[in-house]
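**Student:** the amino acid sequence is not available; the structure is as follows:
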């Protein structure tokens, strides 16, 4: 059984993330989606409990996907969860540059390999940061995020 870890902040999860998880769930026997608090990204919009709930609702249709939270090195979580690989999504060349460096560092300190899954062009522009900004100013992001996220964004910003 091949198991992979898909880590990220997922604040919030969007359809690009959904695409990567759906692809990974077809390619591998077990997918662990792991959300973390990333201090480099500033104050989160949603706390970890909210993100866990949104992730679980967003991936409920996938029987081989598990959701967890973490606050350690990704490679330590990979070891603890028994995953064979780390999976990362790529939207653009700029993603590849930063993700390749991270993958090489992770391999150096742990031996864990990272596999890259490119997103479809229909999702390549999606970024949680942009979705948060649009939603904050009342823009409609409902076709960019899973329904569970759209509902919580409306609740968060008091929009109907």
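**Tutor:** Sure thing, it's come through. Because the structure is predicted, anything quoted here is derived from the model rather than measured. Numbering: from 1, shown residues only.

**Student:** list the contacts of stretch 137-150.
**Tutor:** Stretch 137-150 is contacted by residues 12-15, 18, 53-54, 57-58, 126, 131, 134-135, 153, 157, 159 when judged by CB atoms under 8 Å, 6 or more residues apart in numbering. (C-beta placed from N, C-alpha, C; glycine too.)

**Student:** let's see that with 6 Å instead.
**Tutor:** Applying CB atoms under 6 Å, 6 or more residues apart in numbering, the set of residues contacting stretch 137-150 from outside is 12-15, 18, 54, 57-58, 126, 131, 134-135, 159.

**Student:** same thing with stretch 102-115?
**Tutor:** 75, 78, 85, 86, 87, 88.

**Student:** can you tell me which of the residues you listed are in helices?
**Tutor:** Per DSSP state H, helices hold the following members of the contacts of stretch 102-115: 75, 78.

**Student:** could I get the contacts of stretch 102-115 in JSON lines, plus columns for neighbour count?
**Tutor:** Written out in JSON lines, the entries for those read as follows (neighbours: other CB atoms under 10 Å):
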{"residue": "75", "neighbour count": "21"}
{"residue": "78", "neighbour count": "25"}
{"residue": "85", "neighbour count": "17"}
{"residue": "86", "neighbour count": "26"}
{"residue": "87", "neighbour count": "22"}
{"residue": "88", "neighbour count": "23"}
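
**Student:** now the contacts of stretch 102-115 as JSON lines including distance to residue 37?
**Tutor:** Output for these, formatted as JSON lines (distance: CB to CB, whole Å):
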{"residue": "75", "distance to residue 37": "18"}
{"residue": "78", "distance to residue 37": "18"}
{"residue": "85", "distance to residue 37": "23"}
{"residue": "86", "distance to residue 37": "18"}
{"residue": "87", "distance to residue 37": "20"}
{"residue": "88", "distance to residue 37": "18"}
